[in-house]
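>>> Have a look at this prediction, sequence included:
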Amino acid sequence: MLDIDFVRAQFPAFAEDSLQGQSFFENAGGSYTCAPVIDRLTRFYRERKVQPYAPYRASELAGAEMDEARLRLAGFLGVDTQEVSFGPSTTQNTYVLAQAFRQWMDPGDAIIVTNQDHEANSGPWRRLADEGIEVREWQIDPDTGHLDPEKLNELLDDRVRLVCFPHCSNVVGEINPVAKITALSHAAGAFVCVDGVSYAPHGLPDVGALGADIYLFSSYKTYGPHQGIMVMRESLARLLPNQGHYFNADNLYKRFTPAGPDHAQVAACAGMVDYFEALAAHHGVIGATPTATGVAVHDLMRAREVKLLQPLLDYVSSRNSVRLIGPAQAENRAPTVALAANTPGFALATQLADQGIMAGGGDFYAVRGLSACGVDMDKGVLRLSFVHYTTEAEIEKLIESLDAVL
Ligand SMILES: Cc1ncc(COP(=O)(O)O)c(C=O)c1O
């Protein structure tokens, strides 16, 4: 069982005076930052803020710390070091990827997108229709928001080059069977691009075991600095045309991130792994490999989240005045709970703010998914999202506050 006092001690926000009495339920928008990341970022700006990889001490340390971040994250993700790259955001990364696929695909080729995704893993791909690429939409069930792999099967044929889908939607919350969907897509000869932004905060996945060709997430939602982290497996990376400077073409982690990296933030990403390893050590679950440690930390986080989530799902399911988007069982969903009500989501979030609940309201850039579920887009949804550091007391306070505003 997760030692919640230990966990919260790793996050300076919980000791911050200005945040006392505030319960944070907008984690899907961006999590609090763990202390090792803040410490590394500060150290970098104080001691290492020079062009990295030059032959003087501060620069060597800067470059080494950036390399360390990539190496240790790759270990946790179960992939090779050069298969991990850093961009300014996931959205920026998908726009660059779409450009690479545009150059690689032929007119008449097809890609599959969903209407469950955040726009970041949808719009950039859909725009390829302007270039003669056929875009097929894998649609959710309008009542449940569920993405049925059987329906994907009907869309797959030998013209499909790529299937884009979320590990977990930022409003539906259901965890999609990535390994199964990937296997189906691979069997049809297509690659997959998985948006893991809404899943990774609940435990970094073993991307190697999932089999995804591309796996994307945003470190500002996984206790780190503001970066978009992209895993691209080598076989695909070598196939797609280089999007960076021509002389960097062989350098896989530069091949799809044309902008110069944010050195300090890349380096600070090593702090996320410091945190995950500290969690593993404290709970006695250090594995034989970094990937095994990652899986153990993931499982610790998920077990706690599932336990805390069910009472919230039970409560909102019992209220006739709100509609829960996505499944009502905690096992197969992330603790990202979107509710549609007669009152607009933003207005509900404003009322909750008065009660010391930090939540969000709106469309969360999941316009297609919410519309497909029949949500009134003038009202949007109230979204309540938490992670492993949330306490039982905060969930109780949330339910009491919801009772007062719903
Ligand atoms: C599921 C999902 N995908 C993608 C994104 C976009 O990430 P970024 O802000 O790094 O571009 C978000 C951001 O909220 C998201 O929730």
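Perfect, I can see it now. Numbers count the residues shown, from 1 in each chain.

>>> for the ligand, what are the nearby residues on the stretch 151-300 of the chain?
P166, N170, D195, V197, S198, S218, G228 (C-beta under 6 Å from any ligand atom). Placement of C-beta: from N, CA and C, glycine included.

>>> now, which of these lie within strands?
Mapping these onto strands (DSSP state E) picks out P166, D195, S218, G228.

>>> ok, so of these, who is nearest the ligand?
Nearest to the ligand out of those is S218 (C-beta to the nearest ligand atom; 3.5 Å).

>>> count of neighbours near the closest one?
S218 has 26 neighbours, counted by other C-beta atoms under 10 Å.

>>> For the residues of the stretch 151-300 of the chain next to the ligand, give me CSV that also has distance to V316 and pLDDT.
Below are these laid out as CSV (distance: C-beta to C-beta, whole Å; pLDDT from 0 to 100):
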residue, distance to V316, pLDDT
P166, 22, 98
N170, 17, 98
D195, 25, 98
V197, 23, 98
S198, 19, 98
S218, 26, 98
G228, 31, 98
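
>>> From those, keep the buried residues only.
P166, N170, D195, V197, S198, S218, G228 (16 or more other C-beta atoms under 10 Å).

>>> What is the nearest of the residues you listed to P177?
For these, the closest approach to P177 (C-beta to C-beta) belongs to P166, at 11.9 Å.

>>> List the residues that contact the closest one.
T114, Q116, D117, H118, N121, N176, V194, D195, G196, V197, S198, Y199 (C-beta atoms under 8 Å, 6 or more residues apart in numbering).

>>> Give me the pLDDT for K221.
Confidence at K221, expressed as pLDDT, is 98.

>>> wait, isn't V197 in contact with F217?
Yes - the pair V197 and F217 passes the contact test of C-beta atoms under 8 Å, sitting 5.1 Å apart.

>>> what sits in contact with each of these two?
By C-beta under 8 Å, 6+ apart, the residues touching both V197 and F217 are T90.

>>> Which positions within stretch 212-228 qualify as buried?
212-225, 227-228.

>>> Could you give the number of residues near A372?
Applying other C-beta under 10 Å, we find 19 residues neighbouring A372.

>>> which residues touch the closest residue to the ligand within the stretch 251-400 of the chain?
Minimum separation of the stretch 251-400 of the chain from the ligand (C-beta to the nearest ligand atom) falls at Y365, amounting to 6.2 Å. When contacts are counted by C-beta under 8 Å, 6+ apart, Y365 is found next to H118, E119, A120, N170.

>>> give me that answer again for 7 Å
Residues in contact with Y365 (C-beta atoms under 7 Å, 6 or more residues apart in numbering) are H118, E119.

>>> Equivalent analysis for the one 5 residues further on, please.
Neighbouring residues of L370 by C-beta under 7 Å, 6+ apart: V171, D363, M377, V381.

>>> need the contact list for the closest residue to the second one other than its chain neighbours.
Counting by C-beta to C-beta, 6 or more residues apart in numbering, G380 is the residue found nearest to D363 once chain neighbours are left out, at 4.9 Å. The neighbours of G380, taking C-beta under 7 Å, 6+ apart as the test, are P344, G345, F346, G361, G362, D363.

>>> Show me what the host helix or strand of the fourth one pairs with in its sheet, parallel or antiparallel.
When you say that, I think you mean G361. Per DSSP states H and E: G361 is located in strand 360-362. Pairing partners of strand 360-362, with direction, according to DSSP bridges: strand 381-385 (antiparallel).

>>> in this structure, which helix has the most residues?
Counting by DSSP state H, the longest helix found in the chain is helix 290-318.

>>> neighbouring contacts of the next helix or strand after it?
Later in the chain than helix 290-318, the nearest helix or strand by DSSP H and E is strand 322-324. Applying C-beta under 7 Å, 6+ apart, the contact partners of strand 322-324 are L313, V316, S317, V337, L339, A340, A341, L406.

>>> which of those tops the neighbour count?
When neighbours are counted by other C-beta under 10 Å, V337 leads these with 26 neighbours.

>>> picking that back up, ok, now how distant is the residue nearest to D363 from Q329?
G380 sits 24 Å away from Q329, going by C-beta to C-beta, to the nearest Å.

>>> picking that back up, restricted to buried residues, select the contacts of L370 in ChimeraX.
Only the buried entries of the contacts of L370 go into this ChimeraX selection, using 16+ other C-beta under 10 Å:
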select :171,363,381
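
>>> how about the residue nearest the centre of the chain, what does it touch?
By C-alpha atoms, centre = their mean, the chain has its centre lying nearest to V197, at 1.3 Å. Contacts for V197 (C-beta under 7 Å, 6+ apart) come out as T90, H118, L216, F217, S218, K221.

>>> go on, L216?
For L216, the contact set (C-beta under 7 Å, 6+ apart) comprises T90, N93, T94, V194, D195, G196, V197, G228, M230.

>>> Determine which two of these are furthest apart.
Maximum distance among the contacts of L216 (C-beta to C-beta): 13.7 Å, for V194 and G228.
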